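# Build the 3D model from these lines:
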Amino acid sequence: MPSELLPEDVELVRYVTPEEQFDLKADCLEQEGFPPIREGGEISYIPGEDQMMAFAVANYVCVGRYPIDFAYTQPLTDAQWTRVYEHQVEVTVPCIRELGYEVADPPTLQTYLDTGPESRWNPVAEVEQQVTEDALSTGRWDSFEEFLDACPPSPPADELRGGG
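Residues are numbered from 1 along each chain as shown. Next up is the predicted model:
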């Protein structure tokens, strides 16, 4: 998009967590004239062909009003990855198993930390296909997001990052 179409000054309302930005941006876009389509925990927009540029500008404005706090965009430290691991072992895996899905036992913490973030053990990724098949065959879940709400894969961002 040509930069001359973007507003020069977007009023910052406040910095937010990634979780907060989802709903705040949706509310902002609705105020800008682009009501969201909310289905199964997901939000989408279908602006008319003649509204694409206006939608892009509105999106730019809304992200500018509620940007994700810088602290949430930094790579996790080993201490934070340890917290994610503990959450997955103590909360996520028991939740997944309680719902009747099969998930492998976790690696040791040291193995987890020694593995790069892209290929680290992820119990949610292990059951994604099972959950999707369950959703399609039984209607148990309206969306994968609904499953993630039931069995969060990590602590809330503000807890993990210590508030922004």
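
# For Gln21, which residues are in contact?
Val63, Tyr66, Pro67, Ile68 (Cβ atoms under 8 Å, 6 or more residues apart in numbering). To be clear about C-beta, it is placed using only N, CA and C from the backbone, and glycine gets the same treatment.

# The last one: how many residues sit nearby?
Put plainly, it is Ile68. 17 (other Cβ atoms under 10 Å).

# So it sits against Val16, correct?
Yes - at 6.2 Å, Ile68 counts as touching Val16 under the criterion of Cβ atoms under 8 Å.

# Please enumerate residues in contact with stretch 110-129?
75-76, 78, 81-82, 85, 88, 92-93, 96, 101-104, 106-107, 144, 148, 151, 153.

# Please, where are all the strands along this structure?
Taking DSSP state E as the criterion, the chain carries its strands at 37-39, 42-44.

# Can you tell me which of those strands is packed in deepest?
Most buried of the strands of the chain by mean neighbour count (mean count of other Cβ atoms under 10 Å) is strand 42-44; its value is a mean of 12.

# Looking at the record's assignment, how would you partition this structure?
According to automatic domain parsing, the chain comprises the domains 3-68, 74-161.

# what's the offset of the shortest one from the middle of its chain?
If you compare the mean C-alpha spot of domain 3-68 with that of the full chain, they lie 16 Å apart, counting by Cα atoms, centre = their mean, to the nearest Å.

# Would you map the helices across the chain?
Taking DSSP state H to define them, one finds helices in the chain at 18-31, 52-65, 78-87, 93-98, 109-114, 123-138, 144-150, 157-161.

# Go through these and name the closest to Val10.
Between Val10 and the helices of the chain, the tightest spacing by Cβ to Cβ is seen for helix 52-65, at 3.3 Å.

# Mind giving me the packing neighbours of that closest one?
Contacts defined by 3 or more Cβ pairs under 8 Å, 6 or more residues apart in numbering; DSSP states H and E place helix 52-65 against helix 18-31.

# I'd like the helices of the chain as JSON lines, with mean pLDDT and distance to Ser44 appended.
Formatted as JSON lines, those follow (pLDDT from 0 to 100; distance: least, Cβ to Cβ, whole Å):
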{"stretch": "helix 18-31", "mean pLDDT": "88", "distance to Ser44": "10"}
{"stretch": "helix 52-65", "mean pLDDT": "91", "distance to Ser44": "12"}
{"stretch": "helix 78-87", "mean pLDDT": "95", "distance to Ser44": "29"}
{"stretch": "helix 93-98", "mean pLDDT": "97", "distance to Ser44": "27"}
{"stretch": "helix 109-114", "mean pLDDT": "96", "distance to Ser44": "35"}
{"stretch": "helix 123-138", "mean pLDDT": "90", "distance to Ser44": "18"}
{"stretch": "helix 144-150", "mean pLDDT": "88", "distance to Ser44": "12"}
{"stretch": "helix 157-161", "mean pLDDT": "79", "distance to Ser44": "23"}
